[in-house]
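[1] Sequence first, predicted coordinates after that:
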Protein chains: 2
Amino acid sequence: MIRFELIKKHRHSRARLGKLITPHGEIDTPIFMPVGTQATVKALTSDEVKTCGAQILLGNTYHLYLRPGHHTIQKLEGLHKFMNWSGPILTDSGGFQVFSLNNLAKINEEGANFKSHLDGSSHLLTPELSIQIQQALGSDIAMVLDEPAPHDADKKVALESLERSARWAQRCKDVPQRKGQSLFGIVQGGMHTALRRESVERTTEIGFPGYAIGGLSVGEEKSLMLEMADFTAPLLPEHAPRYLMGVGPPEDLMACTQMGIDMFDCVMPTRNARNGTLFTSRGKVNIKNSMYKEDASPLDPECSCETCQNYSRAYLRHLFMADEILAYRLNTLHNVAFFLNWMERMRTAIRDDQPIDWTYPQEKINLG
Amino acid sequence: MIRFELIKKHRHSRARLGKLITPHGEIDTPIFMPVGTQATVKALTSDEVKTCGAQILLGNTYHLYLRPGHHTIQKLEGLHKFMNWSGPILTDSGGFQVFSLNNLAKINEEGANFKSHLDGSSHLLTPELSIQIQQALGSDIAMVLDEPAPHDADKKVALESLERSARWAQRCKDVPQRKGQSLFGIVQGGMHTALRRESVERTTEIGFPGYAIGGLSVGEEKSLMLEMADFTAPLLPEHAPRYLMGVGPPEDLMACTQMGIDMFDCVMPTRNARNGTLFTSRGKVNIKNSMYKEDASPLDPECSCETCQNYSRAYLRHLFMADEILAYRLNTLHNVAFFLNWMERMRTAIRDDQPIDWTYPQEKINLG
């Protein structure tokens, strides 16, 4: 089981400094969780992810259920051992991928019928199966299966989805727990504050050791996402960790940390790395830009990651233009390190009661 | 400049133990050189290649000339710094890729006209340009530009190619040398022993600090390759290093080491890694095989590489089936380590005057 210690509150915002104690180690919050979709943070070894500063990884139940299969991972003594990661792991419920990778997924009260994106085979993901898969994977934190409403859902649709999510949450909780695994609830309610409030009430009534805010960052305007997170976060129990799912760019991590969110995950650092978009202390850059062709400087002179310590912008650009595997590695290594350092910088500010008053440009920049 | 010390001869074969001293460090021979085509041994960092036991890398002049361009690498202080490899580097002449990647390459006395495989632009690779590129790259050992004959060339064609190669070799030698760089000659002569002998005479007459055997492993039967190497190697000066270009699988490295070859290079360990073919102490395996789906054993229990120390066959299979970048990394890391350990095992046998009497199966095997 997990335990959450609220160490201190920030003087300048609603940000919180905490410690989340799990069977596989302690996590300093607020924290960013790199995403290890298919039992690997894409392009990196688990050792490297650790060197980047990762304290907890996210594993995708949907992907691991389909390949190699949760029974296979269970026979191999669980996801930690399988991927050689000894730290904490949080698994999602699989629901998000069912809906985002399957336009034809059909939901009824029992669960979500979907076809595998790999071979078209038919599957039914129920709340119970989601938990069974997560138990087989052996994660430290499991998530309830929920049904997120589309970002433009009207109040009626969002309410139905909220109510089904609440019933599914109870079914997830009713599955006998795996020893050592904790189950987090998820708040839904679309873009409707009244429904968000209702979902908080229903989810906390069931009762979980941690709560996620779901159904955000799913296509809505950024300002609306921030408004919903800002409204919902303070409604959640103070002494439980708060996890904002699927967020986000550095500026959103900064804004939402100040709302009192403790945990984040996003594929942005890893996916953008593979597209050649790299995060630096001055802003996002496009490493393909010809201005870096003969640039001998490190990508980010303020970064101490292996990429910035050993390689030039010119080399990173060359590798990317030549479609070399090493490009994806070095880019990912840097971006993950950047996101983790970004969170550490905020933790330091909270600890020292310094304002989190720096900014991060949303648009790409050119390095001089 | 390089210096070659012949340390001892093997009691049981013509194998030799040597030391090649270069401006960037010493190399124990016989040695295998991993290929760093585009300024990276595909999928690995230079640090990892070193951890695998690599003492010298090969860089491809053709690829680096086209992208990012040798002038760019020169401005960035050379290939060593560009790719963060502090050990010795040997560069090829670019000729092999000109011919193998360009069906339309046209050769005349001046050089080889070819079109870039990247953008179709026209280029003329002369002996002088090849050396200039290699000087700009700053390799420790440069190779002369030669014109290999097709493996089925008749004696007349092979002789013409041999004679042109000899004239080009002289032109390469006539280019003022870069301080610290050594130039190796290359023996041609197709599959004709008389011509191989003549090429040795003409090449040694020009005089180089090291000699390669070229034009082998280009499509001929393996037995013919071995016959030509076996014939040619002892004709070469005893006190200069002998380099068999483009060879080869473990069994050929073993056979040719016993003929007195000191240096080898081949894309086999890196390319096969990306195809899922892994070299183990028992033989080559196909990691895709479903028999490894739940196999918790390390790939090769006798191997001490990072892949075998940290991951199971089941995980390697999963990563490969899921097309994860980490699959190419871990596979390459292991294969390169295997090839380098293979050479070390032979060096130990030569040193201890033990016979090199083990075998390596040519066909793929299944691990039990």
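    That came through fine. Residues are numbered from 1 along each chain as shown, chains lettered A, B, ... in the order given.
[2] quick one: secondary structure of A:D119?
    Following DSSP: H, G, I helix; E, B strand; the rest coil, the label given to A:D119 is coil.
[3] Who are the contact partners of it?
    A:D119 makes no contacts at all, as judged by CB atoms under 8 Å, 6 or more residues apart in numbering or on different chains. Bear in mind the C-beta positions are built from the backbone N, C-alpha and C, glycine included.
[4] Which positions in chain A make contact with chain B?
    A:38-40, A:42-45, A:47, A:67-68, A:72, A:75-77, A:82-84, A:293-294, A:296, A:306, A:310-312, A:314-315, A:317-319, A:321-322, A:324-326, A:328-330 (CB under 8 Å from any CB of the partner chain).
[5] A:K155 - how many residues pack around it?
    For A:K155, the count of nearby residues is 15 (other CB atoms under 10 Å in any protein chain shown).
[6] so how far is whichever helix in chain A runs longest from its chain's centroid?
    As assigned by DSSP state H, the longest helix anywhere in chain A is helix A:325-352. Chain-centre distance of helix A:325-352: 14 Å, with CA atoms, centre = their mean, to the nearest Å.
[7] That one vs helix B:325-352, what angle?
    Going by axes from the mean of the first three to the mean of the last three CA atoms, to 10 degrees, helix A:325-352 is angled at 110 degrees with respect to helix B:325-352.
[8] pLDDT on helix A:325-352, on average?
    For helix A:325-352, mean pLDDT rounds to 98.
[9] Same question for stretch A:212-221.
    95.
[10] Look up how far chain B lies from the closest residue to A:V200 other than its chain neighbours.
    Closest residue in space to A:V200, ignoring its immediate chain neighbours: A:L235 at 4.4 Å, by CB to CB, 6 or more residues apart in numbering or on different chains. Separation of A:L235 from chain B (CB to the nearest CB, to the nearest Å): 39 Å.
[11] try A:A112
    From A:A112 across to chain B, the span is 22 Å (CB to the nearest CB).
[12] so what's that residue bridging to?
    A:I107, A:L125 (DSSP bridges).
[13] Touching, it and A:L104? I think so.
    No. The pair A:A112 and A:L104 fails to qualify as a contact (CB atoms under 8 Å) at a distance of 10.8 Å.
[14] Give me the more crowded residue out of the two.
    A:A112 (23 against 7).
[15] how many neighbours does A:I287 have?
    24.
[16] Who does the residue nearest in space to the middle of chain A form a beta bridge with?
    Note on chain A: the residue nearest the mean C-alpha position is A:D265, at 1.5 Å, using CA atoms, centre = their mean. Beta-bridge pairing of A:D265 under DSSP bridges involves A:M33.
[17] List the contacts of it.
    Here A:D265 is in contact with A:F32, A:M33, A:P34, A:V35, A:L58, A:L90, A:Y243, A:M245, A:G246, A:V247 (CB under 8 Å, 6+ apart).
[18] So it versus A:T51, what's the distance?
    From A:D265 across to A:T51, the span is 19 Å (CB to CB, to the nearest Å).
[19] cool, A:R197 as well?
    The spacing between A:R197 and A:T51, counted by CB to CB, is 42 Å.
[20] ok, now A:L124?
    40 Å.
[21] The residue lying closest to A:M343 once chain neighbours are set aside: neighbouring residues, count only.
    The spatial neighbour of A:M343 that comes closest, neighbours along the chain excluded (CB to CB, 6+ apart), is A:F32 at 4.8 Å. A:F32 has 30 neighbouring residues, counting by other CB under 10 Å.
[22] and the gap between A:F32 and A:T51?
    Counting by CB to CB - A:F32 and A:T51 are separated by 15 Å.
[23] Kindly report the same for A:P209.
    For A:P209, the distance to A:T51 - CB to CB - is 30 Å.
[24] Equivalent analysis for A:I27, please.
    Applying CB to CB to A:I27 and A:T51 gives a distance of 17 Å.
[25] A:G210 too?
    Look at A:G210 and A:T51: by CB to CB, they are 27 Å apart.
[26] out of those two, which sits in the more crowded spot?
    A:G210 (22 against 15).
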